[in-house]
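Peer 1: With the sequence up front, the predicted model follows.
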Amino acid sequence: MIVHGGRTLQGEVFISGSKNSALPILAATLLTRDHCIIENVPDLSDIHYMLTILSMLGCEVERASGVVQVKASHIKTEAPYEIVRKMRASVCILGPLLGREHAATVSLPGGCVIGDRPIDLHLRGFEELGATVQVKGGDIHVLASHLQGATINLRGKYGPTVLGTGNIMMAAVLADGMTVIEGAAEEPEVIDLAEVLMKMGAKIHGVGTSRIVIEGVKELHGFTHTVIPDRIEAGTFLIAGAIAGKKLTVRHIIPKHLDALLRALQEAGFDLTSKKESITITSNGPKKPLHIETLPFPGFATDLQAQLCAMLSTIEGVSTMTEHIFPQRFMHLAELKRMGANIELNGATATIIGVHQLSGAPVMASDLRASAALVLAALAADGPTEISRVYHIDRGYEGIDKKLNKLGARIERVSPDISF
Ligand code: EPU
């Protein structure tokens, strides 16, 4: 991808459905033999991988312009390594397979560029529901003769686990008796999944708090659901507006999902106007450096950390960014430095001294949000930036280059789009 920097962004952009909501919701279709309809599903490679996994498990899967239909009449309980290894979120099929079939085999996800990403909390939760967990030949085998509700604490060293909360909810909805999840994640994506499970007939209370109570039911049925807007895509475009915009509006969003980012942008000196389903960012006057820490929702999202680092690199003064969720998630810093950013990393805190002007350079994307950060930095840079390994960005942003070009950017793909 080649980004020709220095152009001013202006106008409005429509935000797609949330990747991190859609992935576990697609996995939830495994819980029923009935027909399930999911709307507002973004066209992303991670979604494509999940649909492939569902097909390989035996589901009938159809997809047309953002609407996915799944029918899991007869399913297998083993997901093959070749596809599972491509996406860490494949672990979220463990919960529904265990819930419905009392058995699941999925490859253990390998290392990840944003740091060590264990799934010990998911597995401990399954054990507490009565399953046995075995890791053999690189696969996790989870088996249960029967699942019994239990009290499970999912709070780990770095806070609650988002996919872990989803996985345990999906196993517990079909367990006997009552399950209490303490230290549950409160992210909007967890709430969206719980809403789907409730539409399917599950009995869940306390969603959106750190204590979720689930009364197991015997059977679940089909559903129709519209996935919530992607708050991370929305946040990325707001930061694009901050870094290179005059007046930019993000539409089809839920503004309250972005409160922590809005507070940060306001503190930095940007004007923000929120309406029911949109936010407009306007850039006037001088900007101030920030001191930000990533935290579980409603705190500042780790998935926006890299993008905000790109913005802070362009604001005069000394900013700091501390990463509490994935303390090693700083691969983007070395690439930003190649573009002239002045950043020093100490443990999990980056000290960013704003520079007057970033300059275009050849850089390499290391993961999804890091690649978004490089695109944002490139928008503000002098001269062209060539970003390689942009397949990372297609995992989580639907046509980011096309959307930015509509706002006035000039971004070219020098190799063809990946077609799914
Ligand atoms: N953790 C454990 N043990 C576990 C699970 C997690 O120690 O069993 C730790 C992790 O290593 C991390 C922290 O707990 O330090 C939080 O991880 P979490 O489990 O919440 O992450 P996740 O559920 O695997 C989801 C998103 C990520 C997002 C995180 C945090 C999906 C598909 N992924 O991952 O999104 O960063 O929550 O909000 O929902 C992205 O979209 O770019 C992305 C990485």
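Peer 2: Done, it's in.

Peer 1: For the rest of this, base every contact and every neighbour count on C-alpha atoms.
Peer 2: Will do.

Peer 1: Contacts for stretch 305-323 next, please.
Peer 2: 236, 239, 242-243, 287-295, 302, 329-330, 332, 336, 341-343, 348-358, 369-370, 372-374, 376-377 (Cα atoms under 8 Å, 6 or more residues apart in numbering).

Peer 1: okay, now the domains of this protein?
Peer 2: 2-8+255-273+284-412, 19-226 (automatic domain parsing).

Peer 1: pLDDT of the shortest one, averaged?
Peer 2: Put plainly, it is domain 2-8+255-273+284-412. Computed over domain 2-8+255-273+284-412, the mean pLDDT rounds to 97.

Peer 1: Please see if it touches the ligand.
Peer 2: Yes: Domain 2-8+255-273+284-412 is in contact with the ligand by Cα under 6 Å from any ligand atom, via T302, D303, I325, F326, L368, R369.

Peer 1: how long is that domain from one end to the other?
Peer 2: The first and last residues of domain 2-8+255-273+284-412 sit 5 Å apart, counting by Cα to Cα, to the nearest Å.

Peer 1: picking that back up, restricted to helices, list the contacts of stretch 305-323.
Peer 2: Among those, the ones falling in helices (DSSP state H) are 236, 239, 242-243, 332, 336, 369-370, 372-374, 376-377.

Peer 1: if we can go back for a sec, highest neighbour count among the residues of domain 2-8+255-273+284-412 next to the ligand?
Peer 2: With neighbours taken as other Cα atoms under 10 Å, the top of those is R369, carrying 27 neighbours.

Peer 1: is it true that it touches R329?
Peer 2: No: distance between R369 and R329: 9.7 Å, which falls outside the contact criterion (Cα atoms under 8 Å).

Peer 1: Distance-wise, check the closest residue to H225 other than its chain neighbours relative to A381.
Peer 2: Spatially, and ignoring its direct neighbours in sequence, H225 is nearest to I38 (5.0 Å; Cα to Cα, 6 or more residues apart in numbering). Distance, I38 to A381, using Cα to Cα: 39 Å.

Peer 1: Which one of those two is surrounded by more residues?
Peer 2: A381 (25 against 21).

Peer 1: got a list of what the nearest residue to N284 once chain neighbours are set aside touches?
Peer 2: Leaving aside its sequence neighbours, N284 sits nearest to F270 (Cα to Cα, 6+ apart; 6.8 Å). By Cα under 8 Å, 6+ apart, F270 lies in contact with A242, I281, T282, S283, N284, K287.

Peer 1: picking that back up, what residues are up against the residue nearest to H225?
Peer 2: So I38 contacts L26, V67, V68, Q69, T224, H225, T226, V227 (Cα under 8 Å, 6+ apart).

Peer 1: That one bridge partners, please.
Peer 2: V68, H225 (DSSP bridges).

Peer 1: so where's the stretch 51-200 of the chain uncertain?
Peer 2: Within the stretch 51-200 of the chain, the segments meeting pLDDT under 70 span 110-112, 114.

Peer 1: if we go to 90?
Peer 2: 65, 80-88, 107-118, 135-139 (pLDDT under 90).

Peer 1: For it, what lies in contact range of the ligand?
Peer 2: Counting by Cα under 6 Å from any ligand atom, the stretch 51-200 of the chain sits next to the ligand at 89, 116-122, 156, 158-164.

Peer 1: Quick check on those residues: which are buried?
Peer 2: Taking 16 or more other Cα atoms under 10 Å as the criterion, what is buried in those is A89, L121, H122, P160, T161, V162, L163, G164.

Peer 1: Show me which of the contacts of I38 are buried.
Peer 2: Buried among the contacts of I38 (16+ other Cα under 10 Å): L26, V68, Q69, H225, T226, V227.

Peer 1: So which of these is the closest to the ligand?
Peer 2: L26 (11.6 Å; Cα to the nearest ligand atom).

Peer 1: from what I can see the closest one touches T52, true?
Peer 2: No: taking contacts as Cα under 8 Å, L26 lies outside contact range of T52: 11.0 Å.

Peer 1: And the residue nearest to H4 when sequence neighbours are not counted, how close does it get to P298?
Peer 2: Closest residue to H4 apart from its sequence neighbours, by Cα to Cα, 6+ apart: P384 at 4.3 Å. For P384, the distance to P298 equals 36 Å [Cα to Cα].

Peer 1: more crowded one of the two?
Peer 2: Between P384 and P298, P384 has the larger neighbour count (other Cα under 10 Å), namely 19 against 16.

Peer 1: now that one: how far from G285?
Peer 2: P384 is 26 Å from G285, by Cα to Cα.

Peer 1: State the phi and psi torsions of H102.
Peer 2: phi 60, psi 20 (degrees, to the nearest 10).

Peer 1: Pull the number of nearby residues for G285.
Peer 2: 8.

Peer 1: ok so, going back, so which of the buried ones among the residues of the stretch 51-200 of the chain next to the ligand are in helices?
Peer 2: L121, H122, V162, L163, G164.
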